[in-house]
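In: whatever this is, show me its structure:
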Amino acid sequence: MEKKDYLDISCARDISNPKDKFIYRLFEILPGALSLGTLFGVFVFSWLVPAWISIFIICFCFYYLLRIFYFSLHQILGYFKVKRHLKENWLLKLKKEHGADWKKIYHVVILPTYKEGYAIMKENIDSLLQADYPKEKMIVVLSVEQRAGEVFKVMAKKIEAEYASKFFAFLTVVHPDNVPGEIGGKGSNVAFAGKEVQRFIDTAKILYEDVLVSSFDIDTKAYPQYFSCLTWYFLAEKNPLRASYQPVPVYNNNVWEAPFFSRVVSTSNTFWQMIQQERSEKLTTYSSHAIPAKVFFEVGYPHNVVPDDSRIFWRAYLYYNGDYRVVPIYYLVSMDAVVSTNLIKTIFNQYKQQRRWAWGCAEIPYMMFGFLQNKEIPLWQKIHHLYTILDGYWSWATAALLLLLLGWLPIFLGGSKFNVSVLSFNLPILTGRIMTVSLMGMIISAVLSAMLLPPLQKGMSQFRKIAVFVQWVFLPFILIVFGAFPALDAQIRLMLGKYMGFWVTEKVRK
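Out: Numbers count the residues shown, from 1 in each chain. This next block holds a predicted model:
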């Protein structure tokens, strides 16, 4: 295999060398094997050695409790940093601290769209117009899918005619269908649009080093000072061309129309991102983020994977031999929570979205194989990143189920001899008390979620604010149905070689 050719791998079937293909398949099996092995092992050992598994259960519950306190602390710190960033005048800060340097920075915003309606596209672009960053330094790229049909090409041209004069440039791109080697979806759309952007920048004679490329979902709305804040972070960074820039996503566009489980799932995702911002050494790019144009064009945006937003980070990390990082930006961009035309469709769409996100487990074999190929990255960095991602996907698939089952399995499976022991009697009491203390984390999430919400829409009952607190009672159930189950689903598919395509989350406006 040629040097760096491994960057283009999407799955084991892309590899022609039998030995390398076998190794990659083993890595694809690993995430599912770990999760299923854990769940199966708990049942088996609860039957064979109930006393030992009971000790493990108590230790696990204490470990989980410590994690909750640790994450809650980062969650609180992240929240207050976000609030401070929202109050800061970033354009003024740019002018004071960077003189005229900031004026040379251009922002490219790529907006991939499939079958989203005119209103959703317009909302997104209107949010760009409301930004305080000079519009003559912004290039907007609306990239529609050929497979969506002629009506969406016409819609894109209508929007271009309406907004073209309001930015430095407004490009409309049509991503062709059935391109060999591509997976139809956001990644291939953005990659194709990026080639058009490169041609435009070359023609305009703009330096790549002076351009930041933001890849936004079509429902993403940037808060007013986002691009000024992003520019400040870019110019303040010691090595700005070796970093991506990650804001905090909130799902406030339609949060008051979303059902309770959709709000909890989306808010939990926001809080997890806040926690990761506080642990920047573990941070990877997610959803809407910004990349230096030099990196975007040099490394190449992934066109053949589902989790393109994280894959571009790992491609860059491997390409630059570990000299690449994500800079956390404590400023907000807002997206849609999952809402469909009825409750049943919303439930299914929420599950499918979570399964698509959980398909990020495909990054595990990509990383492991890449680390084998790349000898320049220090071993300690490889171990650190592998532990982080393995722990993350293992916890996603197993933690909620373990907490539900662990306190009772040894009692049900351990037999009569174990059931008359003191340990058997105290196990559910002790685990129950530990989990009761851990509810503090849920209370913190409930309070912070209310503080992040936008104002109620006109005519809405104040009762909805109370419902925001009550909805968190369902968190354990939601973590299983919309957390553990879709994560296990994705990992089992990867383990069996049943590779997923890109499923587009439906966007609905009521």
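
In: so what's His303 up against?
Out: When contacts are counted by Cβ atoms under 8 Å, 6 or more residues apart in numbering, His303 touches 179, 181-183, 187-188, 191-192. C-beta: built from backbone N, CA, C; applies to glycine.

In: how about the secondary structure of the nearest residue to Pro378 once chain neighbours are set aside?
Out: Counting by Cβ to Cβ, 6 or more residues apart in numbering, Pro378 lies nearest to Gly322, which is 6.6 Å off, once chain neighbours are set aside. At Gly322 the chain is in coil, as set by DSSP: H, G, I helix; E, B strand; the rest coil.

In: one more: the one 4 residues further on?
Out: For Val326, the secondary structure call by three-state DSSP comes out as strand.

In: neighbours around Lys95, how many?
Out: Lys95 has 14 neighbours, counted by other Cβ atoms under 10 Å.

In: what does the one 10 residues further on give?
Out: A count of nearby residues for Ile105, using other Cβ under 10 Å, gives 22.

In: that one contacts Pro240, doesn't it?
Out: No - look at Ile105 against Pro240 with Cβ atoms under 8 Å: they stay out of range, at 9.9 Å.

In: list residues touching both of those two?
Out: Between them, Ile105 and Pro240 share the neighbouring residues Phe234, with contact defined by Cβ under 8 Å, 6+ apart.

In: the stretch 251-400 of the chain: helices as residue ranges?
Out: All helices of the stretch 251-400 of the chain, identified by DSSP state H, counting those that start in this stretch, fall at 260-278, 293-299, 308-319, 343-358, 363-373, 379-405.

In: what would the contacts of His303 look like in CSV with secondary structure and pLDDT?
Out: What follows is the contacts of His303, written out as CSV (DSSP: H, G, I helix; E, B strand; the rest coil; pLDDT from 0 to 100):
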residue, secondary structure, pLDDT
Val179, coil, 85
Gly181, coil, 84
Glu182, coil, 85
Ile183, coil, 86
Gly187, helix, 89
Ser188, helix, 91
Ala191, helix, 93
Phe192, helix, 93
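
In: give me the PyMOL select line for these, limited to the buried ones.
Out: To isolate the buried members of the contacts of His303 in PyMOL, using 16 or more other Cβ atoms under 10 Å:
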select buried, resi 182+183+187+188+191+192
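
In: adding distance to Met495, write the contacts of His303 out as CSV.
Out: Output for the contacts of His303, formatted as CSV (distance: Cβ to Cβ, whole Å):
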residue, distance to Met495
Val179, 28
Gly181, 24
Glu182, 24
Ile183, 19
Gly187, 23
Ser188, 25
Ala191, 28
Phe192, 31
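
In: what is the nearest of the contacts of His303 to Ser438?
Out: Each of these was scored against Ser438 by Cβ to Cβ, and Gly187 proved nearest at 37.3 Å.

In: right, and that closest one touches Ser310 too?
Out: No - when contacts are counted by Cβ under 8 Å, Gly187 is not listed as touching Ser310 (10.5 Å).

In: could you list every residue that touches the spatially closest residue to Tyr351 that is not a sequence neighbour?
Out: Closest residue to Tyr351 in three dimensions, ignoring its sequence neighbours and counting by Cβ to Cβ, 6+ apart: Pro486, at 5.6 Å. With contacts defined as Cβ under 8 Å, 6+ apart, Pro486 is in contact with 351-352, 354-355, 357-358.

In: also Ser280?
Out: Residues in contact with Ser280 (Cβ under 8 Å, 6+ apart) are 325-328.

In: which pair in these spans the largest distance?
Out: Arg325 and Pro328 (9.9 Å).

In: quick one: low-confidence ranges for this protein?
Out: Filtered on pLDDT under 70, the chain yields the residue ranges 1-3, 406-432, 435, 459, 461-462, 509-510.
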